[in-house]
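Visitor: got a predicted model here, sequence first, then my questions.
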Amino acid sequence: MTSVLQVEGGHPLTGTIAVRGAKNFVPKAMVASLLADEPSELRNVPLIRDVEVVSDLLGLHGVEIDFDQDRGVMRLDPTNVKSARRADIDALGGASRIPILFCGPLLHQIGEAFIPELGGCNIGGRPIDFHLDILRRFGATVDKRPDGIHITSPASGLKGTFVELPFPSVGATEQTLLTAVRADGITILQGAAVEPEIMDLINVLQKMGAIISVDTDRTIRIEGVPHLIGYRHTSLPDRIEAASWAAAALATHGDIYVHGAHQPDMTTFLNTFRKVGGAFDIDSEGIRFYHPGGELHSIALETAVHPGFMTDWQQPLVVALTQAKGLSIVHETVYENRFGFTRALRQMGANIQVYKECLGSTPCRFGQRNFYHSAVISGPAPLHAADITVPDLRGGFSHLIAALAASGTSRVSGIDVISRGYEHFLTKLQGLDARVEYLDHQPV
Ligand code: EPZ
């Protein structure tokens with residue numbers, strides 16, 4: 001049984017939606033609350049599955065959480081943090097990658113941590129080798145057992161260390177930050193990720209009493225302190241959700257005002273959106289994204305770590321590129337297997353070919369390694385309705401956009417995956433005049 005969304009395509013999305021806190025920041029700030037000996041307050045918290053999973057995991061460890069969903073205000077009290085029962089943690093395993101970020105804070109607070117089977121979208125191997133190497137460098141013992149990975153802190157506590165990342169991994173940077181802030185001594189992290197979500201996590205940790213500096217060469221320096229206090233913080237908005245709705249406006253010839261969209265976090269996306277032929281108006285509350293009429297233009301696009309074009313922006317934008325005149329090229333350099341969603345687009349009439357070669361300005365880690373990580377999109381190719389199944393979070397949203405842009409009525413199965421990262425997406429669609437009907441629990 002699965003949840004199906006019936007979508008009558010061919011109608012422009014027009015109206016206003018609001019984005020709240022960033023899916024790829026809020027859960028990390030929640031984990032950071034574990035590092036304090038007193039309560040914290042986090043604002044602009046969205047009601048998404050990833051927040052629910054991390055709330056449940058924190059609850060298992062004795063953190064008391066009070067979440068006012070309407071106001072988006074969450075209070076987290078870690079005063080009684082304790083070990084959680086393995087079976088309970090396991091029950092939540094497979095739902096997210098965030099549990100691995102509990103390690104540093106739990107090692108500081110209770111001397112041990114347990115990593116269940118991790119979740120996350122099927123867009124590549126999603127290894128955790130960087131994370132385990134980092135924890136060992138701080139002095140932790142990492143014990144891989146059949147039921148999961150058990151990590152313990154030495155009796156003398158964790159010590160500051162030197163970490164040089166082979167790739168500016170967001171998660172590995174967060175792992176280092178969440179562990180270094182209370183380690184004894186100085187930690188130097190080279191080759192760090194510097195996404196806006198990382199910088200907002202540093203804002204939170206600094207409010208808690210951490211001493212962190214960021215150099216222009218991706219070097220982060222953390223001076224460990226013995227105690228951290230609670231924080232009060234308002235999350236940055238979700239720039240991935242904002243860009244997803246912008247791509248939907250372009251693909252459906254629509255006009256969407258995204259309340260909460262923040263220009264400085266979206267500079268590269270806005271440049272690309274304009275080059276494809278989209279238009280936008282920016283004010284102090286948000287950004288209006290619209291199709292100004294005329295043709296869309298094909299482009300050559302390469303995803304990269306910040307400040308480059310974000311990997312999570314490419315899936316929704318590819319749907320708009322299927323409607324652009326000429327040949328577009330997308331070279332995905334962050335994940336090795338992030339074009340699986342194009343199968344459904346081809347089923348709907350899109351003209352997309354994927355390649356193992358690096359079709360971009362710079363050869364990447366995946367060249368000559370048998371990964372289909374480049375795509376050529378020829379357009380415009382009219383899309384027609386089809387019955388499709390959501391593959392992952394961002395690919396799922398691109399399927400939704402394709403169904404909204406296609407002529408005819410599509411049935412999109414596995415739609416619930418989208419609520420992992422898009423708050424109230426069904427209500428938002430209805431508010432944008434989308435002709436959608438939720439068919440709950442249909443036979444597959
Ligand atoms: C975060 O994932 C985001 N998820 C992803 O968003 C985002 O695409 C990604 O960062 C890049 O910006 C969350 O924040 C919850 P990485 P993360 O570590 O931290 C390799 C979405 O849809 N790597 O930066 O898991 C890895 O294989 C999701 O919102 C290792 O090799 O990403 C990948 O090729 C999708 N070993 C590259 O680094 C490791 O130990 C980037 O991964 C860790 C990562």
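Guide: Nice, I can see it.
Visitor: for the ligand, what are the nearby residues on the stretch 51-200 of the chain?
Guide: Applying Cβ under 6 Å from any ligand atom, one finds that the stretch 51-200 of the chain approaches the ligand through 97, 121, 124-131, 167, 169-172, 193. Any C-beta I mention is one placed from the backbone N, CA and C, and that applies to glycine too.
Visitor: just the buried ones from the residues you listed?
Guide: Burial by neighbour count, 16 or more other Cβ atoms under 10 Å: within those this picks out 97, 121, 124, 128, 130-131, 169-172, 193.
Visitor: wait, which of those residues is closest to residue 409?
Guide: residue 121 (27.1 Å; Cβ to Cβ).
Visitor: now that closest one. Nearest residue, chain neighbours left out?
Guide: Using Cβ to Cβ, 6 or more residues apart in numbering and skipping the chain neighbours, the partner closest in space to residue 121 is residue 392 (3.7 Å).
Visitor: these two touch, right, the one you found and residue 122?
Guide: Yes: using Cβ atoms under 8 Å, residue 392 is in contact with residue 122, at 5.7 Å.
Visitor: pLDDT weak spots in the stretch 301-444 of the chain?
Guide: Scanning the stretch 301-444 of the chain for pLDDT under 70 picks out 441-444.
Visitor: ok, 50 please
Guide: Applying pLDDT under 50 to the stretch 301-444 of the chain picks out no residues at all.
Visitor: that one: helices as residue ranges?
Guide: For the stretch 301-444 of the chain, applying DSSP state H, counting those that start in this stretch gives helices covering 311-321, 342-347, 393-405, 425-431.
Visitor: now do the second one: which elements does it pack against?
Guide: Pointing back at helix 342-347 there. Helix 342-347 sits against helix 311-321, strand 351-355, strand 387-389, helix 393-405, with contacts defined as 3 or more Cβ pairs under 8 Å, 6 or more residues apart in numbering; DSSP states H and E.
Visitor: against residue 7, how distant is the nearest residue to residue 10 once chain neighbours are set aside?
Guide: Among residues not flanking residue 10 along the chain, residue 407 sits closest, at 4.9 Å (Cβ to Cβ, 6+ apart). As judged by Cβ to Cβ, to the nearest Å, residue 407 and residue 7 stand 11 Å apart.
Visitor: between those two, what contacts are shared?
Guide: Taking Cβ atoms under 8 Å, 6 or more residues apart in numbering as the contact rule, residue 407 and residue 7 both touch residue 385.
Visitor: between these two, which one's more packed in?
Guide: In terms of neighbours (other Cβ atoms under 10 Å), residue 7 is the more surrounded of residue 407 and residue 7; the figures are 28 against 14.
Visitor: in what helix or strand does that one lie?
Guide: Assigned by DSSP states H and E, residue 7 belongs to strand 2-8.
Visitor: same list (the helices of the stretch 301-444 of the chain) but as TSV, adding mean neighbour count and distance to the ligand.
Guide: As requested, the helices of the stretch 301-444 of the chain are arranged in TSV below (neighbours: other Cβ atoms under 10 Å; distance: least, Cβ to the nearest ligand atom, whole Å):
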stretch	mean neighbour count	distance to the ligand
helix 311-321	26	5
helix 342-347	20	16
helix 393-405	28	5
helix 425-431	18	14
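Visitor: need the ones you listed in TSV with distance to residue 365, can you?
Guide: What follows is these, written out as TSV (distance: least, Cβ to Cβ, whole Å):
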stretch	distance to residue 365
helix 311-321	13
helix 342-347	21
helix 393-405	20
helix 425-431	32
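Visitor: for the residue of the stretch 151-300 of the chain found nearest the ligand, give me its contacts.
Guide: Taking Cβ to the nearest ligand atom, the ligand has its nearest neighbour within the stretch 151-300 of the chain at residue 171, 2.8 Å off. Residue 171 makes contact with 97, 100-101, 128, 130-131, according to Cβ under 8 Å, 6+ apart.
Visitor: rewinding a little: tell me what the strand holding residue 7 is packed against?
Guide: Here strand 2-8 touches helix 393-405, strand 409-413, strand 435-442, going by 3+ Cβ pairs under 8 Å, 6+ apart.
Visitor: contacts for it?
Guide: 385, 389, 400, 403-404, 408-416, 426, 434-442, 444.
Visitor: ok, the helix or strand immediately after it in the chain: who's next to it in the sheet?
Guide: Using DSSP H and E, the helix or strand that follows strand 2-8 towards the C-terminus is strand 14-18. If you go by DSSP bridges, strand 14-18 pairs up with strand 255-259 (parallel).
Visitor: buried stuff in stretch 194-209?
Guide: 194-198, 200-205, 207-209.
Visitor: max pairwise distance over those residues: which two?
Guide: 195 and 209 (23.2 Å).
Visitor: give me phi/psi at the residue nearest to residue 121?
Guide: Dihedral pair for residue 392: phi -160, psi -170, per degrees, to the nearest 10.
Visitor: that one: neighbour count?
Guide: Neighbours of residue 392 under the rule other Cβ under 10 Å: 21.
Visitor: what is the neighbour count of the residue nearest to residue 90 when sequence neighbours are not counted?
Guide: Spatial nearest neighbour of residue 90, excluding adjacent residues (Cβ to Cβ, 6+ apart): residue 116 at 5.0 Å. Residue 116 has 23 neighbours, counted by other Cβ under 10 Å.
Visitor: residue 116 reaches residue 88, doesn't it?
Guide: No: Residue 116 is beyond contact range of residue 88, at 9.7 Å (criterion: Cβ under 8 Å).
Visitor: that older thread, need the helices and strands packed on helix 342-347 in JSON lines with distance to residue 48, can you?
Guide: What follows is the helices and strands packed on helix 342-347, written out as JSON lines (distance: least, Cβ to Cβ, whole Å):
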{"stretch": "helix 311-321", "distance to residue 48": "14"}
{"stretch": "strand 351-355", "distance to residue 48": "29"}
{"stretch": "strand 387-389", "distance to residue 48": "21"}
{"stretch": "helix 393-405", "distance to residue 48": "10"}
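Visitor: for residue 12, which of these is the nearest?
Guide: helix 393-405 (9.1 Å).
Visitor: using CSV, write out every CA atom in the closest one.
Guide: Written as CSV, here are the backbone C-alpha positions of helix 393-405 (Å, rounded to 0.1, in the frame of the first residue of the first chain):
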residue,chain,number,x,y,z
LEU,A,393,13.3,13.5,-1.4
ARG,A,394,14.5,15.9,-4.1
GLY,A,395,13.9,13.5,-7.0
GLY,A,396,10.4,13.2,-5.6
PHE,A,397,9.8,16.9,-5.7
SER,A,398,11.1,16.9,-9.3
HIS,A,399,8.5,14.2,-10.2
LEU,A,400,5.8,16.4,-8.6
ILE,A,401,6.9,19.3,-10.7
ALA,A,402,7.0,17.2,-13.9
ALA,A,403,3.4,15.9,-13.2
LEU,A,404,2.3,19.5,-12.6
ALA,A,405,3.9,20.6,-15.9
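Visitor: kind regards, and thank you for your time.
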